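# got a structure for you, letters missing:
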Ligand code: DC
């Protein structure tokens, strides 16, 4: 049995999570934010006062860290050793630490395993940096979302101002460039476009346009279009050619390929 998984990768600030959430809603899929898992690990190390360069200490501490995911009203929450830290991981400090500690293999092994388990249970749209290349190499639909550094920085700047926070556009740009460099040049699972991923540059696209593009991309190496039927029982769009079973409450139990 195979679930229908969509892999979304791309650099920080490309709009992956906003877009993946909208697509998930449209398709009735579960949205999995893998960056949140790395951020939870990063929070653990920040609280412990660990230097991001202290490879040995980080690797030694990995077994102490338990990251789990739960869903409340369809919204992902991330638990760090049982504590819901979803509201504490969105700062630049945690983001930069996540980018640093995600370079260590023991950190990645732990989280990739959790991500694979989630995708094996449900139809997911999962976003991150290595989803199409490493976590879900067989996903039938892969998208690489990007945008120019200037556009990504401007979006982030606007977001922070809207939250009433102080922000410096030049500093954000520099931060994004540094993060891109680290994420793309690390030894293990660096950020890169999977060969069979569809590239979408969202620099001059609206959210609605990106979602629309994703819903009509070709999958399986461009051989088939992702077509959907509207399923009246579940009130969800279902990829055609995929067998769907629903439980009595109308929820999709499983979707699997007939091939
Ligand atoms: O998407 P994000 O900004 O929340 O991710 C934070 C950091 O976590 C990112 O800079 C690199 C790392 N990360 C990763 O290495 N692999 C993933 N699948 C997701 C995130």
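Received the coordinates, thanks. Everything numeric here is computed off the predicted structure, so don't read it as measured data.

# Roughly how far does residue 94 sit from the ligand?
8 Å (CB to the nearest ligand atom, to the nearest Å). Where C-beta positions appear, they are placed from N, C-alpha and C, glycine not excepted.

# Pull out the buried residues from the helix or strand that residue falls within.
Element membership for residue 94, per DSSP states H and E: helix 92-101. Within helix 92-101, the residues scored as buried using 16 or more other CB atoms under 10 Å are 94, 95, 96, 97, 98, 99, 100, 101.

# Check stretch 60-76 too.
Result for stretch 60-76 [16+ other CB under 10 Å]: buried residues 61, 62, 65, 67, 69, 76.

# taking the mean pLDDT, what do you get for it?
Averaged across stretch 60-76, pLDDT comes to 93.

# That one: end-to-end distance?
28 Å (CA to CA, to the nearest Å).

# What is the helix holding residue 94 packed up against?
helix 34-47, helix 169-185 (3 or more CB pairs under 8 Å, 6 or more residues apart in numbering; DSSP states H and E).

# Mind listing residues that contact the shortest one?
Applying CB atoms under 8 Å, 6 or more residues apart in numbering, the contact partners of helix 34-47 are 17, 52, 58, 61, 64-65, 67, 69, 76, 78-81, 85-86, 88-90, 93-95, 97-102, 107, 110-111, 114-115, 126-129, 131, 135.

# what helix or strand is the residue nearest in space to the middle of the chain on?
Central residue of the chain (CA atoms, centre = their mean): residue 127, 1.8 Å from the mean position. Following DSSP H and E, one finds residue 127 within strand 124-128.

# Just checking: what are the partner strands of that strand?
Strand 124-128 has the following strand partners under DSSP bridges: strand 6-9 (parallel), strand 30-33 (parallel).

# tell me the most buried of these?
strand 6-9 (a mean of 28; mean count of other CB atoms under 10 Å).

# Just the buried residues of whichever helix or strand comes after that strand, please?
Scanning forward in sequence from strand 6-9 by DSSP H and E, the next helix or strand is helix 16-27. Neighbour-count burial for helix 16-27, counted by 16+ other CB under 10 Å, picks out 16, 17, 19, 20, 21, 22, 23, 24, 26, 27.

# Next, format the residues you listed as TSV and append pLDDT.
Shown next, in TSV, are the buried residues of helix 16-27 (pLDDT from 0 to 100):
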residue	pLDDT
16	94
17	92
19	93
20	94
21	93
22	91
23	89
24	89
26	81
27	81
